[in-house]
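Asks: heads up, no residue letters with this:
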């Protein structure tokens, strides 16, 4: 069976990464590749790393061009996905790499995005408890944000197990610059970002904050509040998330809280092929997951402050966007979950 | 007046940075330059950026070679400074860039460093309340660690003002690789660190943790506990510290807690030439302080979690080590505080 | 058919890259993974990006451990390969990623490597004229050096066509730091190489010089002399080679020498799936081939100096080492030439 | 004596670097700081590394704002300098960091810049033979391009001494991204340039080509032709130039041509404080000159091809632009040549 797939937003980094993965997916045939202002361009001039697709010409992002495929990936600015998706056939699998359909709380959407809420789709993070059942056969999938992917992978096991307290979660994450998109902005040029770390969206304003809170609250049944600070690191790919939360008394009272915590994470991910809980003494490096769908994480307990600290590394464009999207597609279509994703990290 | 200065540990990054600064200090004459295994080498072969000193030959790090100068900088592995310092004349100004004399609590020293405590020296962070009075005329100065420098600059105003609560401080910092020293280790080679973020010392084990707690506790009169996680960033210099603490009810109850907090920091640093509280809307970039003695910081309040988030950027080798050391020397000797330090950041 | 493969030297970058590629090769089963000083270690502790192989334990690099596989990859220091290879069965396919069997001229070998010559094996650069016929069914293959791979891809079409003069070839190449290996040397640590370009082996002393001259001389039937200068660039992967040669009068006299030259290259590589002659106006970026077996190149003619300038980008570890090795293995074994290699570059 | 200085084009990298240097120049008072589209902005919002000048407000780049200073630095797009300069008083020292007044050959100007030639000013490379006599008292100075600075420093001694042949010069240079300016272009954003090397202006089209040829021809009295290929390296600052030329028979016939060549360069630069001919066995690193006015170079002779290879490292923004400009200003005004420039490289 060959699945025909269309990819919109192909001139951006998310769309380009979807194409990179699909180009070597064994079950997929790439149909329409669409863009907005870059329609008419050769893909090779925009994404010269996609050698096998270099001579493909981008067409306009229209319903006409996208319809007629088994799967449509949307990698569009927020707000744009909903408009397109609403016109695509209900039996087409539509996978939205944008934010439009991630949040369940319309008020949170409107506060953080400033526009009417388009509704909620099944959330494409297969490692969440119960997610695969929802994704199997789904026709609409919302791909999680990159920071939420790493933050939820880092903390969900603890919240699901009731091992963490909801009211003092602090997350600081460092992202490669591709997370800021392929935009011609002076503050993103190499001369500015090389050799520099900087924060942004400080103080709770980043749009991924409510998405992280939603995931942790759903897992715990509690109202989890998160202090989230993203920073920009001088690398093109990768997210290193440092997530910390207060540990519940039932765990803190154990003789070896760290071992207990490690066991909770190990159990949660025992059958997850893309989540690598590292052996004790090893800590994740973003480069170890570069270009791959893997995440790597490690857990420590700091008795001095009664906190768990979990560090999680993903590639923001792969597991954090396009890889997670393809993984979800595979589940939705009943393919092998790792079809097209069974490659290792690119290091050094 | 020309001050004669000896610099030990010149083959390491801290010693090299001291030399870089002293080479253009208007009041200083550089005497002995010492090293351990590199004694006998030309400085130019070890530190080719020090063109003006390239033909100087390193001599052994001995009391004989160091004595006879007005000032001696020690940039030695911890444990080594105390042995040397004890044999230097009491009226020689000895400035220890190492850790030996920073901590006041012998038990904390022994827990984190595993050796007997060598005693406490005046702490060379001039921006701390009361520090200049202690440093003026001092003959022994302990240079703060790089992470403590940025962490204390970030949080001291709030703790001094009673605006922050002591029991939930979380600090995550990203450092350039020079913070790990000039050591031939596989995990530090360029191929490994370029393009990668990674944590280390997670769970409270980093030796700078008790030093940060000491500074915050002294400023507040409270027992401040800190969750501190350092990370390594793919750049050679710079620290970006993200520090967050719960805000005291008296501030949180104000109509505009963020404005109140910003005012506290602005007042605290109003007369500090090397601390740049940025205008609202601007966030610090490590590159903006690269190679300089400046620090840059910004403050936000997140009402959702009742936390202040302060981001502070310094150059770990300059303000975080050698610049702070020279600044303290200037104060101790009654020189202009910015003598040899009045240069801007090197950017882009 | 599943081919059993052993990989030696797995703790180095070349061996690690061979494993990265083989881990998703559809026709291969990875048998023994060997190392020297790291025997006994988990692969995950040395190469944390190889998640699927993380729990494999390295064994000693011995003939016993390597024998009994269909294919053996040697990624050993020069000199070591020959000793091992001589003891492996003659019907085992032995692929040497080291230098031992590349040179045809024993005198050149001895001059540049300072040891007795071990003999010459079929040269694993399939894109050379006639190479595939030699590689098909071969039982011993010498993988070209990374700089020779890019230099020969850059210039062979011109020399094969008699379009270039042999006596003034100048090649300057920039390599990522992984080309210097996974060695704990101070001059390779991130703090030293980040933000820095530097040359090495200047003046004709680099060991790849005779290998480049050999390839160009064989293609042209002339005694080609090359001025070759390698430089180290602040990136972990990739080679950008700038190669320039005087143009033969028969081409220079044409009305449009650049078009004629471009046609020669386009014709030479018309059927090469891994060599991407870019459309006019586009120049190669090393990142566009990162992690892939592709090479990208472009040609210009400078009438002012009557020179062709060809720029060629490869990934030094993939097409320049492990990718070329796997491609040659595929040819030798009669597999699809792109088996396990059909992935795109990892960018941005 | 305090010299009043105006700086135009302060929002670009060249103008910013002039300000960085002037901010700690002992004899200078910074007057008007001008820009075009950024007039009205705080300097701190555009150049946050210039802490001491952060609150200065940029004014329009007009003759009115620039006149009335002792010195005016122009860091404007080519074409714009001449228009302004023509209206400034003849006794104001005008230093043009742009290209308008570098070339002596109007035809070359028009071919490479496509506009009428504005005339030739004294060329601000003090290390050229005879340059200081021309610069002393000069009221108009053309600052050399960054690539010409490094290329001429690399090759002038050999051409001045008649040791090199004029007809086969090949120069390949790698520049940090700041050489491409502070422009919001997608191909310059960090995600694109980090981890990537790429060539540009290949085939003789780069505008610095005629400037390099002019300098070498003037030094030798011959018609020197140069093949020049610039490349972009993943670092923000620095140029590494690899320059090679055929060696004249009189040198090649000597018993030790390399020693003879090294002596020529050593003699030429014996009294140059900013040109560091490295000891044998050491090669230049761009980081060793980062942020400084130094250049570092080394010479090799390759008997196999009878070529000298000279590698020269400068900081493109300092020695290659603003440092050379300040050095020339110092000479023109009779100040100490190193006033405001006596700082070392910033490394690691």
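Replies: Cool, the structure landed. Not measured: the values here are computed from a predicted model.
Asks: which parts of chain A are strands?
Replies: Applying DSSP state E to chain A gives strands spanning A:3-7, A:28-35, A:59-60, A:71-74, A:93-96, A:140-142, A:169-175, A:198-199, A:226-232, A:239-246, A:275-277, A:295-302, A:307-314.
Asks: what's the spatially closest residue to residue A:46 that is not a sequence neighbour sitting at in phi/psi?
Replies: The shortest distance from residue A:46 to any non-neighbouring residue, by CB to CB, 6 or more residues apart in numbering or on different chains, is to residue A:11 (4.9 Å). Just so you know, the C-beta spots here come from the backbone N, C-alpha and C atoms, and that holds for glycine as well. Taking degrees, to the nearest 10, you get phi -90, psi -10 for the backbone angles of residue A:11.
Asks: residue A:47 and residue A:16 touch, don't they?
Replies: Yes - assessed by CB atoms under 8 Å, residue A:47 is found in contact with residue A:16 at 4.6 Å.
Asks: what touches both of those two?
Replies: Residues touching both residue A:47 and residue A:16 (CB atoms under 8 Å, 6 or more residues apart in numbering or on different chains): A:10, C:347.
Asks: show me which residues of the stretch 51-200 of chain A sit near chain C.
Replies: A:51, A:52, A:53, A:54, A:177, A:178, A:182, A:194, A:195 (CB under 8 Å from any CB of the partner chain).
Asks: who's in contact with the first one?
Replies: Which is residue A:51. A:44, C:276, C:288, C:289, C:292, C:294, C:296, C:344, C:345.
Asks: inside helices: which ones of the residues you listed?
Replies: Among the contacts of residue A:51, the members falling in helices (DSSP state H) are residue A:44.
Asks: and the two most separated of the contacts of residue A:51?
Replies: Within these, A:44 and C:292 form the most distant pair, 14.0 Å apart (CB to CB).
Asks: more neighbours: these two, which one.
Replies: More neighbours surround residue C:292 than the other of residue A:44 and residue C:292, with 27 against 22 (other CB atoms under 10 Å in any protein chain shown).
Asks: that older thread, tell me which of the residues of the stretch 51-200 of chain A next to chain C is nearest to residue A:88?
Replies: Taking those together and measuring to residue A:88 by CB to CB, the closest member is residue A:53, at 22.6 Å.
Asks: measure residue A:273 to residue D:254 for me?
Replies: 67 Å (CB to CB, to the nearest Å).
Asks: repeat for residue A:176
Replies: 53 Å.
Asks: what does the stretch 101-250 of chain A put close to chain D?
Replies: A:176-178, A:180, A:182-186, A:188-195, A:234-236.
Asks: kindly recompute the last result at 6 Å.
Replies: A:177, A:178, A:184, A:185, A:186, A:188, A:189, A:190, A:191, A:193, A:194, A:236 (CB under 6 Å from any CB of the partner chain).
Asks: and which of those is nearest to chain B?
Replies: Comparing those against chain B with CB to the nearest CB picks out residue A:191 as the nearest, at 3.9 Å.
Asks: in contact with that closest one, which residues are there?
Replies: Shown in contact with residue A:191 (CB atoms under 6 Å, 6 or more residues apart in numbering or on different chains): B:348, D:177, D:178, D:236.
Asks: who's in contact with the longest helix seen in chain A?
Replies: If you go by DSSP H, chain A has its longest helix at helix A:146-160. For helix A:146-160, contacts defined as CB under 6 Å, 6+ apart pick out A:129, A:164, A:171, A:173, A:179, A:208, A:211-212, A:215-216, A:219-220, A:239, A:241, A:243, A:264-265, A:268, A:295, A:310, A:312, A:314, A:316, A:320-321.
Asks: so can I have JSON lines of the contacts of residue A:191 showing neighbour count and pLDDT?
Replies: Formatted as JSON lines, the contacts of residue A:191 follow (neighbours: other CB atoms under 10 Å in any protein chain shown; pLDDT from 0 to 100):
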{"residue": "B:348", "neighbour count": "26", "pLDDT": "97"}
{"residue": "D:177", "neighbour count": "28", "pLDDT": "98"}
{"residue": "D:178", "neighbour count": "30", "pLDDT": "98"}
{"residue": "D:236", "neighbour count": "30", "pLDDT": "98"}
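Asks: are stretch A:297-305 and chain B in contact anywhere?
Replies: Yes - Stretch A:297-305 is in contact with chain B by CB under 6 Å from any CB, via A:300, A:302, A:304, A:305.
Asks: one step back: considering only the contacts of residue A:191, which also neighbour chain A?
Replies: Among the contacts of residue A:191, the residues lying close to chain A (CB under 6 Å from any CB) are B:348, D:177, D:178, D:236.
Asks: chain C: which of the residues you listed is nearest?
Replies: For the ones next to chain A among the contacts of residue A:191, the minimum distance to chain C (CB to the nearest CB) is 7.2 Å, reached by residue D:236.
Asks: pull the contacting residues for the closest one.
Replies: Residue D:236 touches A:191, A:194, B:348, D:176, D:177, D:178, counting by CB under 6 Å, 6+ apart.
Asks: tell me the pLDDT at the fourth one?
Replies: Residue D:176 carries a pLDDT value of 98.
Asks: give me the number of residues near it?
Replies: For residue D:176, the count of nearby residues is 31 (other CB under 10 Å).
Asks: next, it: phi, psi?
Replies: phi -70, psi 160.
Asks: that one contacts residue D:238, doesn't it?
Replies: Yes - at 4.7 Å, residue D:176 counts as touching residue D:238 under the criterion of CB atoms under 6 Å.
Asks: in the lowest-mean-pLDDT helix or strand in chain A, what's buried?
Replies: Taking mean pLDDT, DSSP states H and E as the measure, the helix or strand of chain A with the lowest value is helix A:80-85, at a mean of 90. Within helix A:80-85, the residues that count as buried by 16 or more other CB atoms under 10 Å in any protein chain shown are A:80, A:81, A:82, A:84, A:85.
Asks: which one of those residues sits closest to residue A:120?
Replies: Nearest to residue A:120 among those, with distances taken as CB to CB, is residue A:82, at 11.3 Å.
Asks: thought that closest one was touching residue A:100?
Replies: Yes - if you go by CB under 6 Å, residue A:82 and residue A:100 touch, sitting 4.6 Å apart.
Asks: list residues touching both of those two?
Replies: The contact lists of residue A:82 and residue A:100 share residue A:118, where a contact means CB under 6 Å, 6+ apart.
Asks: can you list the domain ranges for chain A.
Replies: Structurally, chain A divides into domains by automatic domain parsing as follows: A:3-144+A:319-333, A:147-316.
Asks: check the offset of stretch A:40-49 from the chain's centre.
Replies: Stretch A:40-49 has its C-alpha centroid displaced from the chain centroid by 25 Å (CA atoms, centre = their mean, to the nearest Å).
Asks: per-residue confidence for the closest residue to residue A:175 other than its chain neighbours?
Replies: Take residue A:175 and drop its neighbours on the chain: the residue closest to it by CB to CB, 6+ apart is residue A:239, 4.8 Å away. For residue A:239, the model assigns a pLDDT of 98.
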